[in-house]
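S.K.: Fold the following.
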Amino acid sequence: MSLHLPSVSTGFVQMSSEWPFRLHMYTEQQIVRYIQYCTRTKYSLVHIDATGGVLRKLADQNQSYMYAVVFKDGNDTNDTMPLAHGLLTEHTTISIVTFLGSIAQSIIKVKGKLLNPTFFITDFSPAIMNATLLAFNAQIMQAHFHHCLNVIGKKYSAIQLRSSSFIHLCCCHVMHAIAKNLTDAAVEKETRESVLYVFALILCETELRKMYDLLGSLVNIFGDPHNRNASNELELLFAEELLVDEESHFALTNTEKIFFEAKKMDEELSLVDEYFRSNAAIIHESPFNKEAIRLYPAIEQLLDAKAHLYKVTNPLFSRKLIRLIYRWWAYLPLWTGLLIDFKTRYASDGECDSISAHSP
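M.R.: Below is the predicted model:
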């Protein structure tokens, strides 16, 4: 494939600013390689992350972070390719969307239209998630949830699904964040490890019905104040097999290591809690939580801190756990396998999308 629109600056630095300090760094060759990758790859992945401490702190400015946008164009370890890097001292959605928006505009200049990857992989940074959705999808989070639900509901044809693009959270980051939540909720160790395993089951699940079945089991175990068989029911869930490869199985079930690393990442993971607290409206309005309450009306009462429950006989009863599960459930398609192979599984016309992700 040849591209003949040298519209991107010939230098490496595409944009610079002294206040606030910022550098947007990429070349036209990187944009071209990205376009080629997305064109020939059915499920293209772009990773976005930020790292601090790469520069000495500038006077009267925030700590600078290096933002990296990368993709893996091949199977070899050397095939990891940078699409762009940005050095920013402002880490708000507006600042990051300016960086990502400049990349999107350069893609349009070279290709003639915006070419999105299938998935943007990131951690639970609210600023990065929101900036990515705005820059590439022209969406806010709530609209993204409904878009995901429409895909699962087979509202789009195979052709329409080829241009769909979604946020997906790093699985390891999700497990560490959930581990921190369980520790902060003061859940006893044995129960905490069992619940983390059930979250791993949900994370690896690909069918929405099965996910809601697992949710129903959790509501019954931790949300029914009179369930005296809750411990046995939790053991049955813990006995369910995690159907993943050996390496992934070890990473998702090594609870001792997950909880240890989550403790070390306490400051970083606290951003997840802040995001949940500041986005209560999004959590309550998520179509996935609305369906959860429709299926299991008891959740609504359990979320009401003023609702008094009498004669609790369930030793595992925990409103804290139900609230924790509820807030993660709002973001269900972002951290589970719900959208795996979606171009084939959810096409409304039943067509198997076997061609490339995008037409040249």
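
S.K.: Tell me the helix or strand right after the worst-scoring helix or strand of the chain on mean pLDDT.
M.R.: Among the helices and strands of the chain, helix 266-278 carries the lowest confidence by mean pLDDT, DSSP states H and E, at a mean of 70. Once helix 266-278 ends, the next helix or strand along the chain (criterion: DSSP states H and E) is helix 280-285.

S.K.: And for the residue nearest to Arg33 when sequence neighbours are not counted, the neighbour number?
M.R.: Nearest residue to Arg33, sequence neighbours excluded (Cβ to Cβ, 6 or more residues apart in numbering): Met81, at 5.8 Å. Where C-beta positions appear, they are placed from N, C-alpha and C, glycine not excepted. Counted by other Cβ atoms under 10 Å, the residues lying close to Met81 total 14.

S.K.: Show the secondary-structure elements that the helix or strand containing Met81 is packed against.
M.R.: For Met81, the host element (DSSP H and E) is strand 80-88. If you count contacts as 3 or more Cβ pairs under 8 Å, 6 or more residues apart in numbering; DSSP states H and E, strand 80-88 packs onto strand 21-25, helix 28-40, strand 65-72, helix 93-111.

S.K.: how about the helices in the stretch 51-200 of the chain?
M.R.: 93-111, 126-132, 141-152, 158-161, 171-184, 189-204 (DSSP state H, counting those that start in this stretch).

S.K.: just for the stretch 201-350 of the chain, where's the confidence low?
M.R.: 273, 275, 277-278 (pLDDT under 70).

S.K.: Quick check, Tyr37 in contact with Val70.
M.R.: No - counting by Cβ atoms under 8 Å, Tyr37 does not reach Val70; the two are 11.0 Å apart.

S.K.: Neighbour count: those two, which is higher?
M.R.: Applying other Cβ under 10 Å to Tyr37 and Val70 shows that Tyr37 carries more neighbours, namely 22 against 18.

S.K.: What does the pLDDT read for Val353?
M.R.: Careful, residue 353 is Asp and not Val. If you check Asp353, the pLDDT there is 45.

S.K.: What of Gln61?
M.R.: For Gln61, the model assigns a pLDDT of 78.

S.K.: Make sure it is actually in contact with Arg22.
M.R.: No - at 10.2 Å, Gln61 does not count as touching Arg22 under the criterion of Cβ under 8 Å.

S.K.: When these two are compared, which one has more neighbours?
M.R.: Arg22 (19 against 13).

S.K.: Dig out what that one forms beta bridges with.
M.R.: In this entry, Arg22 is beta-bridged to Ser17, Leu88, by DSSP bridges.

S.K.: For Leu30, give me its contacts.
M.R.: Check again: residue 30 is Gln, not Leu. 81-84 (Cβ atoms under 8 Å, 6 or more residues apart in numbering).

S.K.: So it versus Ala239, what's the distance?
M.R.: From Gln30 across to Ala239, the span is 48 Å (Cβ to Cβ, to the nearest Å).

S.K.: How about Phe124?
M.R.: 30 Å.

S.K.: same deal with Gly153?
M.R.: From Gly153 over to Ala239 the distance is 32 Å, taken as Cβ to Cβ.

S.K.: Looking at these two, which is more packed in?
M.R.: Just comparing Gly153 and Ala239: by other Cβ under 10 Å the higher neighbour count belongs to Gly153, 13 against 8.

S.K.: Could you find the closest non-adjacent residue to the more buried one?
M.R.: Using Cβ to Cβ, 6+ apart, the closest residue to Gly153 is Tyr346 (7.9 Å).

S.K.: Pull the number of nearby residues for the nearest residue to Ala177 once chain neighbours are set aside.
M.R.: In space, and not counting its chain neighbours, Ala177 is closest to Val272: 4.5 Å by Cβ to Cβ, 6+ apart. The number of residues packed around Val272, counting by other Cβ under 10 Å, is 23.

S.K.: so Val272 sits right up against Ile178, yeah?
M.R.: No - look at Val272 against Ile178 with Cβ under 8 Å: they stay out of range, at 9.1 Å.

S.K.: which parts of stretch 239-247 are buried?
M.R.: Buried positions in stretch 239-247, judged by neighbour count with 16 or more other Cβ atoms under 10 Å: Val244.

S.K.: Start the count at 6 instead of 1 going forward.
M.R.: All right, first residue 6 from here; so that's stretch 244-252.

S.K.: mind saving the C-alpha coords of that stretch as CSV?
M.R.: What follows is stretch 244-252, C-alpha atoms only, in CSV (Å, rounded to 0.1, in the frame of the first residue of the first chain):
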residue,chain,number,x,y,z
ALA,A,244,-14.3,-24.8,42.2
GLU,A,245,-15.4,-23.6,38.7
GLU,A,246,-12.6,-24.0,36.1
LEU,A,247,-10.9,-21.0,34.6
LEU,A,248,-10.7,-21.8,30.9
VAL,A,249,-7.6,-19.9,29.9
ASP,A,250,-4.0,-20.8,28.9
GLU,A,251,-1.6,-21.8,31.5
GLU,A,252,0.3,-18.5,31.7
